[in-house]
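Asker: pasted the sequence and its predicted model underneath.
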Amino acid sequence: YLARVFSAAYVPNEVLEAARVDGATEIRSFFFVGLKMLAPGYVTIFLFQLTSIWNNFFLPLVMLSDQNLYPLSLGLYSWNSLANIDPDYYPLMVVGSLFALLPLVLAFLLLQRYWRSGLTAGSVK
């Protein structure tokens with residue numbers, strides 16, 4: 001839904017018409033004009049999905065019975081419960097939290113250029 005609304009509002013017909021006047025086919029104007037303009041929206045949707053899947057807690061807790069298969073969020077939760085008994089788990093929790101956060105920070109930093117490239121909104125006057 002978010003992709004449909006974004007694409008309907010963000011790609012003006014005048015830009016696609018200008019591509020057709022320049023001799024681009026429908027497929028070429030879709031891939032080289034439309035998708036390039038829609039990259040910030042799709043990157044945003046991707047990052048929303050990545051963050052929600054990466055931080056998912058309840059579904060793995062319900063579905064997985066083997067603790068060796070737990071994702072980082074559930075592993076940190078089990079270490080947190082063990083840290084109340086044994087304080088040696090606190091440094092492990094801090095380092096584990098850092099490792100759990102690094103892929104998300106890296107994805108945001110690497111995909112930030114697509115948000116900056118979304119300045120074509122003013123391409124049609």
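Answerer: It's in.
Asker: now do the longest helix along the chain, average pLDDT.
Answerer: The longest helix of the chain (DSSP state H) is helix 89-110. For helix 89-110, mean pLDDT is 89.
Asker: packing partners for it?
Answerer: helix 35-54, helix 72-83 (3 or more CB pairs under 8 Å, 6 or more residues apart in numbering; DSSP states H and E). (C-beta placed from N, C-alpha, C; glycine too.)
Asker: tilt between the first one and helix 89-110?
Answerer: Helix 35-54 runs at 170 degrees relative to helix 89-110, counting by axes from the mean of the first three to the mean of the last three CA atoms, to 10 degrees.
Asker: could you list the buried residues of the helix or strand just after helix 35-54?
Answerer: Following helix 35-54 in sequence order, the next helix or strand is helix 58-63 (DSSP states H and E). Buried residues in helix 58-63, counted by 16 or more other CB atoms under 10 Å: none are found.
Asker: quick one: contacts of helix 58-63?
Answerer: Outside helix 58-63, the residues that touch it by CB atoms under 8 Å, 6 or more residues apart in numbering are L69, Y70, P71, S73, L74.
Asker: outline the domain layout of this protein.
Answerer: 1-39, 56-124 (the TED database).
Asker: need those domains in CSV (columns: distance to Q49).
Answerer: Shown next, in CSV, are the domains of the chain (distance: least, CB to CB, whole Å):
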stretch, distance to Q49
domain 1-39, 10
domain 56-124, 11
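Asker: for these, which one sits closest to F48?
Answerer: domain 1-39 (8.1 Å; CB to CB).
Asker: what's the burial count for L109?
Answerer: 9 (other CB atoms under 10 Å).
Asker: show me what the lowest-mean-pLDDT helix or strand in the chain is packed against.
Answerer: Sorting the helices and strands of the chain by mean pLDDT, DSSP states H and E puts helix 112-116 at the bottom, at a mean of 79. Here helix 112-116 touches helix 35-54, going by 3+ CB pairs under 8 Å, 6+ apart.
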